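> Model the following, please.
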Amino acid sequence: MKKYENISAIILAGGKSSRMGSDKGLIEFHGKKMIEHLLDLLQPLFENVFIISNNEAYKNFHVPVFEDVHKNFGPIGGLHSGLTHSSTHQNLFVACDLPFINQELIEFILEKQNEFDAVIPYHQNLPEPLCALYSKDCLLVFEEMIEAQQFKIQDSFDRLKICKLDVSEKFFESKNPFANMNTTEDLMNS
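Next up is the predicted model:
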């Protein structure tokens, strides 16, 4: 039995990958495609795992793939699409370029799931909104932001009940779990 049946895990793989030059989730990293690192972590834990991407190639990974409802809105569009397609109230979102996310960090985020609209990890006072928990209660705010052409996720924080979860002490003894792979240099140095 999977650990989390009432929470969906949603991988955001819709970025333009302009600095990398090709789709980040499909790049080889430590012997696997970047997306496979996340699928290997999330599938044993969550009953519902799916990908938000406009790239048909993600259908090769045998999980549901949904396109953005509103295209070209960046991460806020991905969050909106994930919540729209999700069948659960609580939803863990993870960007496809975060291969160092681990189970302990996920469980720490999920501990706060019933108290807030969103649980956002913070490291050194900076939010990590693309490895965070969002409830369906955020959907209306994201829809309003898209209508208003607002692209920054942080602009939603004052309109939602947010848990700012400080993870600086607990998860940074070795590798930064939020280290993302934006360039080929990032890949070579990790």
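> can you pull the contacts of T84?
Residues counted as contacts of T84 (CB atoms under 8 Å, 6 or more residues apart in numbering) are 69, 139. All C-beta spots, glycine's among them, are computed from the backbone N, C-alpha and C.
> And for the one 4 residues further on?
Counting by CB under 8 Å, 6+ apart, T88 makes contact with 6-8, 48, 136.
> Redo the residues you listed as TSV? Include secondary structure and distance to H89.
Output for the contacts of T88, formatted as TSV (DSSP: H, G, I helix; E, B strand; the rest coil; distance: CB to CB, whole Å):
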residue	secondary structure	distance to H89
N6	strand	7
I7	strand	8
S8	strand	9
N48	strand	12
K136	helix	5
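> between the residues you listed, which is nearest Q90?
I7 (4.5 Å; CB to CB).
> now for the contacts of T88, which pair is the farthest apart?
In terms of CB to CB, the contacts of T88 reach their longest pairwise distance at N48 and K136, which sit 13.3 Å apart.
> shared neighbours, the two?
Counting by CB under 8 Å, 6+ apart, the residues touching both N48 and K136 are 86, 88.
> Between these two, point out the one with more neighbours.
N48 (19 against 15; other CB atoms under 10 Å).
> Tell me what that one is bridged to.
Beta bridges link N48 to S8, judged by DSSP bridges.
> for the contacts of T88, which one is nearest C163?
Closest approach between those and C163, by CB to CB: I7, at 15.1 Å.
> JSON lines for the contacts of T88, including distance to Q113 and pLDDT?
Converted to JSON lines, these look like this (distance: CB to CB, whole Å; pLDDT from 0 to 100):
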{"residue": "N6", "distance to Q113": "9", "pLDDT": "95"}
{"residue": "I7", "distance to Q113": "7", "pLDDT": "96"}
{"residue": "S8", "distance to Q113": "12", "pLDDT": "98"}
{"residue": "N48", "distance to Q113": "15", "pLDDT": "96"}
{"residue": "K136", "distance to Q113": "12", "pLDDT": "97"}
